[in-house]
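Chemist: The sequence isn't on hand, but the structure is:
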């Protein structure tokens, strides 16, 4: 399989179906050999049954369930581990990203192993912008190098994803910085692609995980 479009979802009953429809359209525009993988991260609303219905009615859709909520890192790692595609695209279930952007990532795949997105425009509250800037400044101090303010979409060549030098807790928010630094330091071809991060379409940010893609 060429491409896995993976969507971590925790209590996203109000947006999941429309996001999956958008992901299916984006995948079909690229290749007939693709899947949309939903990782239900222990949702307590109807997200699990909705994901199962989508998988039962859409041949390109597959779902993996976590028995309990694992958080940002746990969901991301399941996306990468369970994906069947040669390339893995990750995007959120809350509408913060445009799945049509997959084409931009896909067209760069021959040049790069791991393509991260960074925020060139951020349409959310001043409080969240301040919190994000503070977090990334702290990361820069901890890791001794500038860390981009990641957005919500990524494309990785699965075979090139490096093993991390440290164990990341499933509920931690430092998975992407560690992956980014490890990829750079182990000679992977890394790119940072600017994208717009939108406000979530519905629902609320997840308090325990500070939402999956907005730290």
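Modeler: Looks like it arrived, so ask away. Just so you know, these numbers come straight off a predicted model, no measurement behind them.

Chemist: Could you identify the helix or strand that succeeds the helix or strand containing residue 80?
Modeler: Here residue 80, judged by DSSP states H and E, is contained in helix 72-82. Following helix 72-82 in sequence order, the next helix or strand is strand 87-90 (DSSP H and E).

Chemist: residues making contact with that next one?
Modeler: Outside strand 87-90, the residues within contact range by Cβ atoms under 8 Å, 6 or more residues apart in numbering are 2-8, 76, 79-80, 102, 105-106, 109, 153-158. C-beta here means a position set from N, CA and C on the backbone, and glycine is covered the same way.

Chemist: In helices, which of these fall?
Modeler: Using DSSP state H, the members of the contacts of strand 87-90 that fall in helices are 76, 79, 80, 102, 105, 106.

Chemist: closest to residue 37 among those residues?
Modeler: Closest approach to residue 37 among the ones in helices among the contacts of strand 87-90 (Cβ to Cβ): residue 79, at 6.7 Å.

Chemist: what pLDDT does the closest residue in space to the closest one that isn't next to it in sequence get?
Modeler: Leaving aside its chain neighbours, residue 79 sits nearest to residue 6 (3.7 Å; criterion: Cβ to Cβ, 6 or more residues apart in numbering). For residue 6, the pLDDT comes out at 98.

Chemist: How many neighbouring residues does residue 6 have?
Modeler: Neighbours of residue 6 under the rule other Cβ atoms under 10 Å: 27.

Chemist: how near is the residue nearest to residue 9 when sequence neighbours are not counted to residue 20?
Modeler: Closest residue in space to residue 9, ignoring its immediate chain neighbours: residue 93 at 3.9 Å, by Cβ to Cβ, 6+ apart. Counting by Cβ to Cβ, to the nearest Å, the separation of residue 93 from residue 20 is 8 Å.
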